[in-house]
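Student: Quick one: sequence plus predicted model below, questions after.
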Amino acid sequence: AQTVTQSQPEMSVQEAETVTLSCTYDTSESDYYLFWYKQPPSRQMILVIRQEAYKQQNATENRFSVNFQKAAKSFSLKISDSQLGDAAMYFCALKETSGSRLTFGEGTQLTVNP
Amino acid sequence: ETGVTQTPRHLVMGMTNKKSLKCEQHLGHNAMYWYKQSAKKPLELMFVYNFKEQTENNSVPSRFSPECPNSSHLFLHLHTLQPEDSALYLCASSPSTAGASYEQYFGPGTRLTVT
């Protein structure tokens, strides 16, 4: 069974600073996808970034980047130049290519302080 | 309307009521999903539909009954719910359930309160 763990229930960062959110996962398969989703107070879940397990290069989307360590089964999200609009609940998620299930972690509530 | 829409946004119902949640996607996707989000718990997958066929039921109690009349619409029929069923119910869609096209797009959710 696939599992996703986010060990930081809450994090805070000063505006314009950098913050890293942690995520570890477990899967018996070699082919899978990892995602970070953002859920602001409006509740609309939005995809932030995606990583294919077969790609060694870490994904980057503007101020968002990941540190994907396949052997360690670690998938952290780095937010650079944090903005007030980044405040939200962030979920790490895993999807095995062979199945249809997307498994989410417990989430990390990020606060951005002005 | 664009993306994934859900109605109603808020619903309060008694344990003996029957109500339905509606989800509609305007993205041309073939797969749709229902999730339950309770406080301080990970999102729980409830049902998966691919090309209108149910492909996954995550041991959901029968008081929740999904219906997918076509690839654009998904319903969740509710009856004789319990207070512990109070939660945010999220609908999502994706191009398919397999491989690289798996990114899921979420609706804004329905906040359900069972009294």
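Tutor: That came through fine.
Student: For the spatially most central residue of chain B, name its beta-bridge partners.
Tutor: If you average the C-alpha coordinates of chain B and look for the closest C-alpha using Cα atoms, centre = their mean, you land on residue B:34, 2.8 Å from that point. In this structure, residue B:34 bridges to residue B:47, residue B:91 when assessed by DSSP bridges.
Student: and it, what is it in contact with?
Tutor: With contact taken as Cβ atoms under 8 Å, 6 or more residues apart in numbering or on different chains, residue B:34 is in contact with B:23, B:45-47, B:66, B:74, B:76, B:89-91. For the C-beta atoms, the positions are set from N, CA and C on the backbone; glycine is no exception.
Student: now, the most widely separated pair of these?
Tutor: Across the contacts of residue B:34, no pair lies farther apart than B:23 and B:45, at 14.4 Å, counting by Cβ to Cβ.
Student: more neighbours, these two?
Tutor: When neighbours are counted by other Cβ atoms under 10 Å in any protein chain shown, residue B:23 comes out ahead of the other of residue B:23 and residue B:45, with 26 against 20.
Student: Pretty sure residue B:5 is one of the things the more buried one touches, is it not?
Tutor: Yes - counting by Cβ atoms under 8 Å, residue B:5 is a contact partner of residue B:23 at 7.3 Å.
Student: which residues do these two both contact?
Tutor: Contacts common to residue B:23 and residue B:5, judged by Cβ under 8 Å, 6+ apart, are residue B:107.
Student: quick one: pLDDT of residue B:39?
Tutor: The predicted local confidence for residue B:39 comes out at a pLDDT of 85.
Student: Distance check, the nearest residue to it once chain neighbours are set aside against residue A:104.
Tutor: Using Cβ to Cβ, 6 or more residues apart in numbering or on different chains and skipping the chain neighbours, the partner closest in space to residue B:39 is residue B:87 (7.9 Å). Separation of residue B:87 from residue A:104 (Cβ to Cβ, to the nearest Å): 14 Å.
Student: and if you look at residue B:31?
Tutor: When distance is defined by Cβ to Cβ, residue B:31 is 17 Å away from residue A:104.
Student: and residue B:84, backbone torsions?
Tutor: For residue B:84, the backbone dihedrals are phi -70, psi -10 (criterion: degrees, to the nearest 10).
Student: Quick one: classify the residue nearest the centre of chain A as helix, strand or coil.
Tutor: The residue lying closest to the centre of chain A (Cα atoms, centre = their mean) is residue A:36, at 3.3 Å. The three-state label given to residue A:36 by DSSP: H, G, I helix; E, B strand; the rest coil is strand.
Student: Which strand residues bridge it?
Tutor: On the basis of DSSP bridges, residue A:36 is bridged to residue A:49, residue A:92.
Student: picking up where we left off before, write a PyMOL command that selects only the buried members of the contacts of residue B:34.
Tutor: Isolation of the buried members of the contacts of residue B:34 (16 or more other Cβ atoms under 10 Å in any protein chain shown) is achieved in PyMOL through the command below:
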select buried, chain B and resi 23+45+46+47+66+74+76+89+90+91
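Student: Would you format the contacts of residue B:34 as CSV with pLDDT included?
Tutor: Written out in CSV, the entries for the contacts of residue B:34 read as follows (pLDDT from 0 to 100):
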residue, pLDDT
B:23, 98
B:45, 93
B:46, 96
B:47, 96
B:66, 97
B:74, 98
B:76, 98
B:89, 97
B:90, 96
B:91, 96
